[in-house]
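Participant: Quick one, fold the following:
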Amino acid sequence: MKPGRACVMLSRHRSHLSLLIDVQAAAVLRNGDQEDENVALASTVLHDMLDSAEF
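Facilitator: Down below sits the predicted model:
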């Protein structure tokens, strides 16, 4: 998706994100390749969301 299209979508329309995880998600991310920045970022985001009451 192009950044300009995302800007239009987010500014003019409602958006929704459903995140479905199971009990294995944290373990999979923890055991994943921590050198891969996407794995490390996903792990950080998941832990932040689970530690927060607002998600």
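
Participant: ok, longest helix in the chain?
Facilitator: Scanning the chain for the helix with the most residues, using DSSP state H, yields helix 37-51.

Participant: distance between it and the chain's centre?
Facilitator: Offset of helix 37-51 from its chain centre (Cα atoms, centre = their mean, to the nearest Å): 7 Å.

Participant: what's the answer for stretch 18-29, then?
Facilitator: For stretch 18-29 - counting by Cα atoms, centre = their mean - the centre lies 11 Å from the chain centre.

Participant: isn't Ala25 right next to Val45, touching?
Facilitator: No - counting by Cβ atoms under 8 Å, Val45 is not a contact partner of Ala25; they are 11.2 Å apart. Heads up, the C-betas are built off the backbone N, CA and C, glycines and all.

Participant: got any ranges where the protein has weak pLDDT?
Facilitator: Filtered on pLDDT under 70, the chain yields the residue ranges 1, 12-15, 34, 53-55.

Participant: Please work out how many residues are found near Ala40.
Facilitator: Using other Cβ atoms under 10 Å, Ala40 has 14 other residues around it.
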